[in-house]
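Asker: Fold the following, please.
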Amino acid sequence: MQKRQFHIGVLVLTTLGSSLVMAQASNANLGVVKNYLLIQLGVQKAGSSSLKMAAQRYYDLAKNTNFDYNKLASNKNAVQNALKDARDGWRKASPVYESVEGIVAGVEMLSIFDVNLDAGMSKTEGGDSIVTFDLKLPNGKTLEKPGNLFGVTEGALWASEKAFSSSVKFDVDGDGKIGFGDALPDANILKAAADKLDGMTAELISTSKTWTPTLENVFGALTANVPTAAPVFIDRWKTSRFVLGDAATRRDFNAISSLDDLNQNIASWLTLYRGLVPAVTAKNASLNKQIQDGLNSLKAWVSKLESQEKTRRFSPEQAELILKESDNRATAITGKIVQAAALLGVKVSN
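Answerer: This is a model prediction of the structure:
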């Protein structure tokens with residue numbers, strides 16, 4: 001089963017004359033990048049705190065039944081309210097994180113947070129991006145490197161990971177029928193993961209406050225992240241319920257479409273580049289316009305797809321064409337960003 005995966009590659013940043021780069025940096029407005037990051041993370045923290053509190057309420061309800069989930073299901077209104085609030089908190093925190101993921105994943109001192117929050121694999125799956133934490137449960141058990149926290153909480157809240165569910169059917173959304181996601185989460189896992197997610201969000205905020213953006217940081221983040229539009233975002237969208245319906249087997253990216261995730265990431269790319277606009281414009285106004293137009297066009301295209309998805313389902317064949325188109329667009333934009341970096345005395349390569 002595929003899980004959240006966000007490969008930023010290995011960045012090599014070579015400064016072509018430190019004095020030259022410092023001079024070019026003085027023309028940039030990199031403070032806007034940090035301000036945007038901290039504002040968005042504040043909203044994420046509000047969502048993760050809501051998720052944590054609702055998960056605690058659900059845990060207390062389950063504990064009162066001695067974790068008898070069939071008995072818990074009989075407490076319909078209280079359980080539905082707790083799980084609805086937990087899902088609402090998750091839905092607030094997750095998209096906002098996506099709006100800064102391009103920054104977090106692309107900055108070396110922050111990138112481990114992306115692995116643990118949104119991109120990392122479980123120990124069972126392996127790979128080159130395994131989370132660094134174990135999840136200690138209130139009942140004394142430990143889940144060793146279970147996968148990223150947004151994925152674990154999503155898998156529990158929407159029962160898309162059997163290991164995180166009680167397997168007891170329950171009409172969570174209150175629509176009068178049992179459908180996707182309608183099962184009671186394992187209360188110990190949900191509480192532990194929600195607590196960890198909220199705590200790690202606080203740690204990310206604290207670390208981000210100590211970060212001073214540089215030209216290398218911003219160009220490196222852009223050239224690492226923009227090329228992921230197709231092989232990460234669209235590729236995982238192809239295997240989600242949004243394209244495959246009930247045939248999908250992955251545990252994540254089923255509550256919110258990966259098209260929305262991509263759109264949020266493009267917002268972070270635009271903010272990253274906004275900090276570079278004065279410096280790039282001073283060197284080549286035409287190139288600056290091409291980069292901005294490319295990013296804005298990519299965002300508008302993805303927004304249109306996202307809007308269409310609300311009233312239809314794309315076929316796997318259509319999704320494959322969309323993947324190719326997104327790759328072409330992202331590749332062209334990345335090439336121009338690399339050119340801009342060279343003009344400012346920074347060489348970036350994957």
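Asker: give me the low-pLDDT residue ranges for this protein?
Answerer: For the chain, residues meeting the criterion pLDDT under 70 lie at 1-27, 349-350.
Asker: How is it divided into domains?
Answerer: Structurally, the chain divides into domains by automatic domain parsing as follows: 1-30+213-350, 38-211.
Asker: any idea which helix is longest in the chain?
Answerer: What stands out as the longest helix in the chain, according to DSSP state H, is helix 31-64.
Asker: Can you list the helices and strands that that helix packs against?
Answerer: helix 69-73, helix 76-98, helix 101-106, helix 187-209, helix 258-274 (3 or more Cβ pairs under 8 Å, 6 or more residues apart in numbering; DSSP states H and E). All C-beta spots, glycine's among them, are computed from the backbone N, C-alpha and C.
Asker: which parts of that helix are buried?
Answerer: Within helix 31-64, the residues scored as buried using 16 or more other Cβ atoms under 10 Å are 32-34, 36-37, 40-41, 43-45, 47-59, 61-62.
Asker: now do stretch 178-193
Answerer: By 16+ other Cβ under 10 Å, the buried positions in stretch 178-193 come out as 180-193.
Asker: Make CSV from those residues and add distance to residue 257 to it.
Answerer: Shown next, in CSV, are the buried residues of stretch 178-193 (distance: Cβ to Cβ, whole Å):
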residue, distance to residue 257
180, 14
181, 15
182, 20
183, 22
184, 25
185, 22
186, 26
187, 28
188, 29
189, 25
190, 23
191, 27
192, 27
193, 22
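Asker: ok, so of these, who is nearest residue 243?
Answerer: Residue 243 lies nearest to residue 180 out of those, by Cβ to Cβ, at 14.3 Å.
Asker: so how far is the longest helix of the chain off the chain centroid?
Answerer: Relative to its chain's centre, helix 31-64 lies at 14 Å (Cα atoms, centre = their mean, to the nearest Å).
Asker: what's the angle between that helix and helix 187-209?
Answerer: 160 degrees (axes from the mean of the first three to the mean of the last three Cα atoms, to 10 degrees).
Asker: Also compute the angle for helix 31-64 relative to helix 76-98, please.
Answerer: Using the same axes, to 10 degrees: helix 31-64 against helix 76-98 is 160 degrees.
Asker: how far off helix 258-274 does helix 31-64 point, in degrees?
Answerer: Going by the same axes, to 10 degrees, helix 31-64 is angled at 150 degrees with respect to helix 258-274.
Asker: give me phi/psi at residue 284?
Answerer: phi -160, psi 90 (degrees, to the nearest 10).
Asker: So it sits against residue 342, correct?
Answerer: No - applying Cβ atoms under 8 Å, one finds residue 284 not in contact with residue 342, separated by 10.4 Å.
Asker: give the contact list for the residue lying closest to residue 49 once chain neighbours are set aside.
Answerer: Counting by Cβ to Cβ, 6 or more residues apart in numbering, residue 198 is the residue found nearest to residue 49 once chain neighbours are left out, at 5.7 Å. Applying Cβ atoms under 8 Å, 6 or more residues apart in numbering to residue 198 gives the contacts 45, 48-49, 51-52.
Asker: go with 7 Å
Answerer: By Cβ atoms under 7 Å, 6 or more residues apart in numbering, the contact list for residue 198 reads 48-49, 51-52.
Asker: quick one: which of these is nearest residue 255?
Answerer: If you rank the contacts of residue 198 by distance to residue 255 using Cβ to Cβ, residue 51 comes first, at 12.4 Å.
Asker: quick check, nearest of the buried residues of stretch 178-193 to residue 225?
Answerer: residue 193 (25.7 Å).
Asker: how much space is there between that closest one and residue 282?
Answerer: Between residue 193 and residue 282 the computed distance is 47 Å (Cβ to Cβ, to the nearest Å).
Asker: Could you do residue 182 as well?
Answerer: Taking Cβ to Cβ as the measure, residue 182 falls 57 Å from residue 282.
Asker: try residue 147
Answerer: When Cβ to Cβ is applied, the distance between residue 147 and residue 282 equals 45 Å.
Asker: what about the two, which has more around it?
Answerer: residue 147 (28 against 14; other Cβ atoms under 10 Å).
Asker: burial measure for residue 153, as a count.
Answerer: Neighbours of residue 153 using other Cβ under 10 Å come to 31.
Asker: just residue 308 next, same as before
Answerer: Neighbour tally, residue 308, other Cβ under 10 Å: 12.
Asker: can you check the one 4 residues further on too?
Answerer: The local packing count at residue 312 equals 8, with neighbours defined by other Cβ under 10 Å.
Asker: quick one: it and residue 326, what's the gap?
Answerer: Look at residue 312 and residue 326: by Cβ to Cβ, they are 18 Å apart.
Asker: Residue 274: neighbouring residues, count only.
Answerer: Count around residue 274 with other Cβ under 10 Å applied: 18.
Asker: which residues does the closest residue to it other than its chain neighbours contact?
Answerer: When the adjacent residues along the chain are set aside, residue 274 lies closest to residue 32, with 5.8 Å between them (Cβ to Cβ, 6+ apart). Residues near residue 32 by Cβ under 7 Å, 6+ apart: 271, 274-275.
Asker: now those as TSV including distance to residue 134?
Answerer: Below are those laid out as TSV (distance: Cβ to Cβ, whole Å):
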residue	distance to residue 134
271	34
274	39
275	37
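Asker: Identify, from the residues you listed, the entry nearest to residue 128.
Answerer: residue 271 (27.8 Å).
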